[in-house]
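Engineer: Give me a model of this one.
(one chain, ligands or ions: 2)
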Amino acid sequence: MVKICCIGAGYVGGPTMAVIALKCPAIEVAVVDISVSRINAWNSEQLPIYEPGLDDVVKQCRGKNLFFSTDVEKHVSEADIVFVSVNTPTKTQGLGAGKAADLTYWESAARMIADVSKSDKIVVEKSTVPVKTAEAIEKILAHNSKKINFQILSNPEFLAEGTAIKDLFNPDRVLIGGRETPEGAKAIQTLKDVYAHWVPVDRIICTNLWSAELSKLAANAFLAQRISSVNAMSALCEATGADVTQVSHAVGMDSRIGPKFLNASVGFGGSCFQKDILNLVYICECNGLPEVANYWKQVIKVNDYQKTRFVNRVVASMFNTVSGKKIAVLGFAFKKDTGDTRETPAIDVCRGLLGDKARLSIYDPQVSEDQIQRDLSMKKFDWDHPVHLQQSTPTSVEQVSFIGDAYEATKDAHGVCILTEWDEFKKLDYQRIYDNMQKPAFVFDGRNVVDAEKLREIGFIVYSIGKPLDAWLKDMPAVA
Ligand SMILES: NC(=O)C1=CN([C@@H]2O[C@H](COP(=O)(O)OP(=O)(O)OC[C@H]3O[C@@H](n4cnc5c(N)ncnc54)[C@H](O)[C@@H]3O)[C@@H](O)[C@H]2O)C=CC1
Ligand SMILES: O=C(O)[C@H]1O[C@H](OP(=O)(O)OP(=O)(O)OC[C@H]2O[C@@H](n3ccc(=O)[nH]c3=O)[C@H](O)[C@@H]2O)[C@H](O)[C@@H](O)[C@@H]1O
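Structural biologist: Numbers count the residues shown, from 1 in each chain. Ligands and ions are numbered 1, 2, ... in the order given. Alright, predicted model coming up:
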């Protein structure tokens, strides 16, 4: 029986391995982690991450051919294929701080693999890593193992959160990069055989190592660039009376451009877009390509601009101050159908409003109060380190309360900010919300989920990203 071990039981390691176990009953899959609480959760009824369809997949295989364990060394030493899906955060100190990927966790995993291995292994980069990481990993393995043969493959993951199971069941493509040697080709074929259990072979792309590593960074950069492009247009739409939804539709109908990923928003979030672009920028700078680095940096600058612009719209609309005013925040996760808050635009928007002394009452159907307090008090980039290494008792931010219900959160509020596109926000009884708010009552829709005209009929003053402006906002500066 082929044995697979995955180091890192996070958003990628957990779901990807669960799907491999489901689709390949003859393969034994062990997912290991240094975080005891994470592994306990994977072995419980309450999985550590919320992902539609995941419970069902895990329940079908757990205890049969899918195991979650903290016995990292045992499972690594027994495995034929070792996936490494550990954190690759942005460095906060030293060379490349604020941009370069911190490979501490990757390196320690590689050294451990070398230490405990007694048989040949294929080591698979599942984490998103800088180009040429495989070369460094090869050196660590070669210098520390006892004449054991390791083949390194790059097999980056393209799943998106909230649709992870759907993406894994039916991926657009699976990418496998390896050494262009007979041993490399054999290793690629072994991994290809695993995916071929359910992925059509024409969707399994094989490349050299560096193309695979760079393609992952490039794919995320292209996706984020589309959002920054449409968000930049949203500012121009507001200035000119154009409607960004109509513009996106007209642009996306061009088959060369395509309709997906053109929704204007308060800004993109999530654990990877910013981190991976910063990493790409750093690699470009290290390779003497400052113009290329600056090009990609702009994607992040526009994203920051969009979040600042939103905060300024809120403050400017409400007589240039939100000091002491109650603002309801609906949605804190970085997108709907996930409880993940990593790099969510809600953090920057809430901090901006708190900077103007607002009182916030936050509601999100999947995010806990503890998580919100942690996010609002954490330093930049600290969130991307393993949970057990993070501060356990966050300093609670005064002026922030967490409310378990949208109606309660909006009661007596001066304004409502919608920051995540949860479906339930479309169906709220806005008349009831209006009746219980201070007047004038404002809605700032950062995700274009509400019907602005209907809300205006109720009496709200409405700001929707990239839409023709409410008369109230017309003479106010877009960026105060
Ligand atoms: N979250 C996502 O949607 C995607 C993430 N990625 C990439 O995948 C990688 C992992 O991301 P996530 O799963 O989101 O991170 P995560 O933080 O959810 O999971 C990483 C896990 O690795 C564990 N870990 C760290 N060092 C370890 C070690 N030496 N031994 C054993 N366990 C260790 C941590 O305790 C943690 O549970 C990152 O490089 C990320 O860029 C790629 C595609 C999608
Ligand atoms: O490397 C990763 O981590 C992953 O990053 C993204 O996946 P994810 O961050 O989970 O979610 P997305 O659906 O891409 O959304 C990212 C952010 O962009 C925002 N977004 C997305 C689409 C859009 O049209 N407009 C927009 O503002 C979302 O609300 C969210 O805040 C990519 O889509 C995945 O392919 C990739 O594997």
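Engineer: Can you give me the domain boundaries for this protein?
Structural biologist: For the chain, automatic domain parsing gives the domain ranges 3-199, 221-473.
Engineer: could I get the ones you listed as JSON lines with distance to ligand 2?
Structural biologist: Glycine gets a C-beta too; all of them are placed from N, C-alpha and C. Output for these, formatted as JSON lines (distance: least, CB to the nearest ligand atom, whole Å):
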{"stretch": "domain 3-199", "distance to ligand 2": "3"}
{"stretch": "domain 221-473", "distance to ligand 2": "3"}
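Engineer: confidence score at the closest residue to ligand 1 within the stretch 351-480 of the chain?
Structural biologist: Among the residues of the stretch 351-480 of the chain, Pro386 lies closest to ligand 1, at 3.4 Å counting by CB to the nearest ligand atom. According to the prediction, Pro386 has pLDDT 76.
Engineer: With Ser377 instead?
Structural biologist: Value listed for Ser377 in the pLDDT field: 88.
Engineer: Val397 is in contact with that one, correct?
Structural biologist: Yes: if you go by CB atoms under 8 Å, Ser377 and Val397 touch, sitting 5.7 Å apart.
Engineer: Comparing the two, which residue is more hemmed in?
Structural biologist: Taking other CB atoms under 10 Å, Ser377 and Val397 do not tie; Val397 has more neighbours (17 against 14).
Engineer: Using the three-state scheme, assign the nearest residue to the more buried one once chain neighbours are set aside.
Structural biologist: Taking CB to CB, 6 or more residues apart in numbering, and ignoring the residues beside it in sequence, Val397 has Leu376 as its nearest neighbour in space, at 4.6 Å. Under the three-state scheme (DSSP: H, G, I helix; E, B strand; the rest coil), Leu376 adopts helix.
Engineer: Ok, the one 3 residues further on next?
Structural biologist: Assigned by three-state DSSP, the conformation of Lys379 is coil.
Engineer: and the residue of the stretch 351-480 of the chain closest to ligand 1, how many neighbours does it have?
Structural biologist: 16.
Engineer: From the contact counts, what lies against the helix or strand hosting Asn312?
Structural biologist: Using DSSP states H and E, Asn312 sits within helix 290-317. Applying 3 or more CB pairs under 8 Å, 6 or more residues apart in numbering; DSSP states H and E, we find helix 290-317 packed against helix 209-240, helix 273-286, helix 345-355, strand 415-418, strand 442-445, strand 461-464.
Engineer: between that helix and helix 273-286, how big is the angle?
Structural biologist: Interaxial angle, helix 290-317 versus helix 273-286 (axes from the mean of the first three to the mean of the last three CA atoms, to 10 degrees): 150 degrees.
Engineer: In helix 290-317, which residues are buried?
Structural biologist: 293, 296-297, 299-300, 302-303, 305-317 (16 or more other CB atoms under 10 Å).
Engineer: circling back to that earlier point, could you list every residue that touches the residue of the stretch 351-480 of the chain closest to ligand 1?
Structural biologist: Pro386 is in contact with Ile34, Ser35, Val86, Asn87, Tyr105, counting by CB atoms under 8 Å, 6 or more residues apart in numbering.
Engineer: which one is the most centrally placed residue in the chain nearest to, not counting chain neighbours?
Structural biologist: Centrality entry for the chain: nearest residue to the mean C-alpha point is Gly270, 2.7 Å, by CA atoms, centre = their mean. Excluding its sequence neighbours, the residue lying closest to Gly270 (CB to CB, 6+ apart) is Phe334, at 4.8 Å.
Engineer: The one you found: what secondary structure?
Structural biologist: Put simply, Phe334 is coil when judged by three-state DSSP.
Engineer: In the stretch 301-450 of the chain, where is pLDDT below threshold?
Structural biologist: For the stretch 301-450 of the chain, the stretches with pLDDT under 70 are 383, 388-396.
Engineer: Show me what from it comes close to ligand 1.
Structural biologist: Within the stretch 301-450 of the chain, the positions near ligand 1 by CB under 6 Å from any ligand atom are Pro386.
Engineer: Give me the nearest residue to the residue in the stretch 1-150 of the chain that ligand 1 sits nearest to, chain neighbours excluded.
Structural biologist: For the stretch 1-150 of the chain, the residue closest to ligand 1 is Gly10, as judged by CB to the nearest ligand atom, at 1.9 Å. The shortest distance from Gly10 to any non-neighbouring residue, by CB to CB, 6+ apart, is to Ser85 (6.6 Å).
Engineer: Run through the strands of this protein in chain order.
Structural biologist: 3-7, 28-32, 66-69, 81-84, 121-125, 150-154, 174-178, 204-208, 326-330, 359-363, 400-402, 415-418, 442-445, 461-464 (DSSP state E).
Engineer: Direction included, what does the fifth one pair up with?
Structural biologist: Okay, so that is strand 121-125. Next to strand 121-125 in the sheet, as set by DSSP bridges, lie strand 81-84 (parallel), strand 150-154 (parallel).
Engineer: Save the ones you listed as a markdown table, and put in distance to Asp405 and mean neighbour count too.
Structural biologist: A markdown table is the format used below for those (distance: least, CB to CB, whole Å; neighbours: other CB atoms under 10 Å):
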| stretch | distance to Asp405 | mean neighbour count |
| --- | --- | --- |
| strand 81-84 | 41 | 25 |
| strand 150-154 | 46 | 24 |
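Engineer: Dump these into JSON lines; add distance to Ser323 and mean pLDDT as well.
Structural biologist: Shown next, in JSON lines, are the strands paired with strand 121-125 (distance: least, CB to CB, whole Å; pLDDT from 0 to 100):
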{"stretch": "strand 81-84", "distance to Ser323": "49", "mean pLDDT": "98"}
{"stretch": "strand 150-154", "distance to Ser323": "51", "mean pLDDT": "96"}
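Engineer: Make JSON lines out of those strands and add distance to Gly352.
Structural biologist: Below are these laid out as JSON lines (distance: least, CB to CB, whole Å):
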{"stretch": "strand 81-84", "distance to Gly352": "37"}
{"stretch": "strand 150-154", "distance to Gly352": "38"}
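Engineer: correct me, but the residue of the stretch 1-150 of the chain closest to ligand 1 touches Val84?
Structural biologist: No: the pair Gly10 / Val84 is not scored as a contact, 11.6 Å apart, by CB under 8 Å.
Engineer: hmm, what's the outermost residue in the protein?
Structural biologist: Of all residues in the chain (CA atoms, centre = their mean), Lys147 lies farthest out, 38.8 Å.
Engineer: quick one: which of the contacts of Pro386 sit in helices?
Structural biologist: Taking DSSP state H as the definition of helices, the contacts of Pro386 contribute Tyr105.
Engineer: rewinding a little: you'd agree the residue nearest to Gly270 is up against Val349?
Structural biologist: No: using CB under 8 Å, Phe334 is not in contact with Val349, being 11.8 Å away.
Engineer: So for those two, which residues contact both of them?
Structural biologist: Counting by CB under 8 Å, 6+ apart, nothing touches both Phe334 and Val349.
Engineer: how about the residues of the stretch 151-300 of the chain that lie near ligand 1?
Structural biologist: So the stretch 151-300 of the chain meets ligand 1 at Glu157, Leu159, Glu161, Ser271, Cys272 (CB under 6 Å from any ligand atom).
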